[in-house]
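[1] test case, fold it:
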Amino acid sequence: MSTTQPMADLLRPSHLDEVVGQSHLLGEEGPLHGMLETGRLQSLVFWGPPGTGKTTLARLLAGVGDLHFEPISAIFSGVADLRKLFARARERRAAGQGTLLFVDEIHRFNRAQQDGFLPYVEDGTVILVGATTENPSFELNGALLSRLRVLVLRRLDAAALETLLGRAETALGHPLPLTAEAREMLITLADGDGRYLFNMIEQIASSPAEVIDPTALLRLVQRRAPAHDKDREGHYNLISALHKSLRGSDADAALYWLARMVAGGEDPLYIARRLIRFASEDIGLADPDALRHALAARDAWHLLGAPEGELALVQAVIYLATAPKSNAAYRAWKQARRSAEQHGSLMPPAHILNAPTRLMAELGYGQGYAYDHDTDSGFSGQDYFPDELPRQHYYQPVERGFEREISRRLAYWARLRSSQN
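    All right, here's what the predicted structure looks like:
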């Protein structure tokens with residue numbers, strides 16, 4: 001084995017059947033298999049986590065299609081580089097050879113630079129294959145995206161990573177000195193990233209240790225934080241997973257996603273704000289204490305910080321997950337907003353307006369108002385909607401938690417209103 005060539009490059013697959021973890025693309029029902037069978041390779045964008053084989057697949061596709069492989073990185077390339085590249089591709093095309101242009105980190109190009117690809121993709125000067133770890137629907141402009149087929153690469157599962165580990169040991173000529181527990185931990189630490197796995201294997205292979213257990217492994221390899229881009233799609237995916245786990249009353253899943261976010265460096269105050277929103281949107285008056293618990297978690301974090309304040313978030317997550325759920329207040333607010341927008345600036349009925357001046361009293365302000373506390377039931381049953389708007393029913397409480405009691409109160413007042421009108 002070469003001592004200078006990185007293992008990830010040395011063991012890069014030379015045939016498509018050596019690619020692991022992407023059978024959904026390369027299997028008989030997969031889109032890449034169909035393209036290769038028909039011999040019609042189209043422009044693509046590979047979207048997936050790091051270390052899943054995006055560059056490898058592009059390189060192999062060029063070989064299968066007898067295309068010149070032209071790789072560039074959007075981080076290190078500009079307009080001048082692209083012009084030269086397209087000129088070379090035109091010359092090859094005139095000589096009878098096509099070009100597969102592989103653009104790593106394609107989302108790093110700005111909108112104008114992305115537009116620059118359009119005429120060359122349209123006329124077939126290049127087959128464009130982009131690679132991105134970000135959601136193409138957010139990062140690529142519509143014109144370019146409409147000309148590319150998006151293929152999603154999956155993070156490598158344990159079986160795929162074990163296959164790569166076996167290939168590395170074959171290349172080394174001996175098994176790594178890992179205990180069974182350390183071997184399992186190594187796969188876990190790779191976190192679906194084949195390149196990172198090879199990097200760790202290189203560190204292990206250079207160690208003089210005869211036996212490496214989990215403790216020694218953690219000392220030997222540099223442990224990284226779980227993948228979580230705080231300002232990109234990973235950020236929104238994890239908070240969505242936390243929110244939906246809470247809504248589904250799954251405390252254990254909610255705790256897992258909370259742990260993922262904290263381990264990934266998410267701002268705990270952002271998490272607290274989302275818990276506060278959840279308490280109102282998905283629990284509401286089914287459990288009025290939910291909002292108080294969420295607010296208390298935020299205040300506790302402000303007071304304690306990390307790591308002590310994390311337990312307050314944990315407590316809030318468990319409370320919210322196990323609380324009765326209702327979105328009745330959320331739905332009522334949406335309907336009330338819709339009514340306000342549809343009906344314009346309707347005046348309140350005159351009988352509920354104050355009359356601080358003689359003119360206002362002469363105009364009928366406050367006339368006929370019934371003071372609820374003066375009635376035997378403490379409820380007058382008057383109409384408080386604008387005269388032009390029939391009575392509306394926005395809030396429909398559920399038969400769960402405290403809203404069951406609210407529902408009984410509303411029914412009682414409805415009976416009184418009916419009997420008085």
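[2] residue 159: neighbour count?
    10 (other C-beta atoms under 10 Å). C-beta coordinates here come from the backbone N, C-alpha and C atoms, glycine included.
[3] secondary structure class of it, three-state.
    When classified by DSSP: H, G, I helix; E, B strand; the rest coil, residue 159 comes out as helix.
[4] the one 4 residues further on now?
    Using three-state DSSP as the criterion, the local structure at residue 163 reads helix.
[5] same check on residue 101?
    On the three-state scheme (three-state DSSP), residue 101 is labelled strand.
[6] what's across from it in the sheet?
    Beta bridges link residue 101 to residue 70, residue 128 when assigned by DSSP bridges.
[7] identify the residues contacting it.
    70, 72, 85, 89, 126, 127, 128, 129 (C-beta atoms under 8 Å, 6 or more residues apart in numbering).
[8] now do 10 Å
    Applying C-beta atoms under 10 Å, 6 or more residues apart in numbering, we find residue 101 in contact with 43, 58, 62, 67-72, 82, 85-86, 89, 117, 120-121, 125-130.
[9] go on, residue 213?
    177, 178, 179, 180, 181, 182, 185.
[10] helix or strand: which one has residue 170?
    helix 158-172 (DSSP states H and E).
[11] next helix or strand past that helix?
    Helix 158-172 is succeeded, C-terminally, by helix 180-190 (DSSP H and E).
[12] show me where the protein has its strands.
    Counting by DSSP state E, residue ranges of the strands within the chain are 44-47, 68-73, 99-104, 127-132, 149-152.
[13] re the thing from before, okay if I get the contacts of residue 213 as CSV plus distance to residue 382, pLDDT and neighbour count?
    Listed next are the contacts of residue 213 as CSV, based on distance: C-beta to C-beta, whole Å; pLDDT from 0 to 100; neighbours: other C-beta atoms under 10 Å:
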residue, distance to residue 382, pLDDT, neighbour count
177, 84, 93, 16
178, 78, 94, 22
179, 78, 93, 14
180, 77, 93, 8
181, 73, 92, 12
182, 75, 92, 21
185, 70, 90, 19
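[14] so which of the residues you listed comes closest to residue 152?
    Among those, residue 185 lies closest to residue 152 (C-beta to C-beta), at 27.9 Å.
[15] what does the model give the closest residue to the closest one other than its chain neighbours for pLDDT?
    In space, residue 185 comes closest to residue 214 once its chain neighbours are excluded; the distance is 4.9 Å by C-beta to C-beta, 6 or more residues apart in numbering. On the pLDDT scale, residue 214 is placed at 89.
[16] ok, now residue 229?
    52.
[17] about what we covered before: now render the strands of the chain as CSV, adding mean pLDDT and distance to residue 356.
    Output for the strands of the chain, formatted as CSV (pLDDT from 0 to 100; distance: least, C-beta to C-beta, whole Å):
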stretch, mean pLDDT, distance to residue 356
strand 44-47, 93, 64
strand 68-73, 92, 72
strand 99-104, 93, 70
strand 127-132, 93, 64
strand 149-152, 92, 65
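[18] want to throw the ones you listed into CSV with distance to residue 54?
    CSV is the format used below for the strands of the chain (distance: least, C-beta to C-beta, whole Å):
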stretch, distance to residue 54
strand 44-47, 4
strand 68-73, 11
strand 99-104, 8
strand 127-132, 4
strand 149-152, 9
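[19] so which of those strands gets nearest residue 411?
    Closest among the strands of the chain, using C-beta to C-beta: strand 149-152, at 50.9 Å.
[20] contacts only, for residue 280.
    Taking C-beta under 10 Å, 6+ apart as the test, what residue 280 contacts is 290, 291, 294, 327, 329, 330, 333.
[21] in helices, which of the residues you listed appear?
    If you go by DSSP state H, the contacts of residue 280 have 290, 291, 294, 329, 330, 333 in helices.
[22] what pLDDT does the residue nearest to the fifth one when sequence neighbours are not counted get?
    Counting by C-beta to C-beta, 6+ apart, residue 330 lies nearest to residue 281, which is 4.8 Å off, once chain neighbours are set aside. The score at residue 281 is 96. That number is its pLDDT.
[23] next: residue 222.
    pLDDT, residue 222: 66.
[24] returning to that earlier point: any idea how far residue 184 is from the residue nearest to residue 185?
    Using C-beta to C-beta, to the nearest Å, we find residue 214 at a distance of 8 Å from residue 184.
[25] what's the overlap in contacts for the two?
    Counting by C-beta under 10 Å, 6+ apart, the common neighbours of residue 214 and residue 184 are residue 178.
[26] so between the two, which is more surrounded?
    residue 214 (17 against 14).
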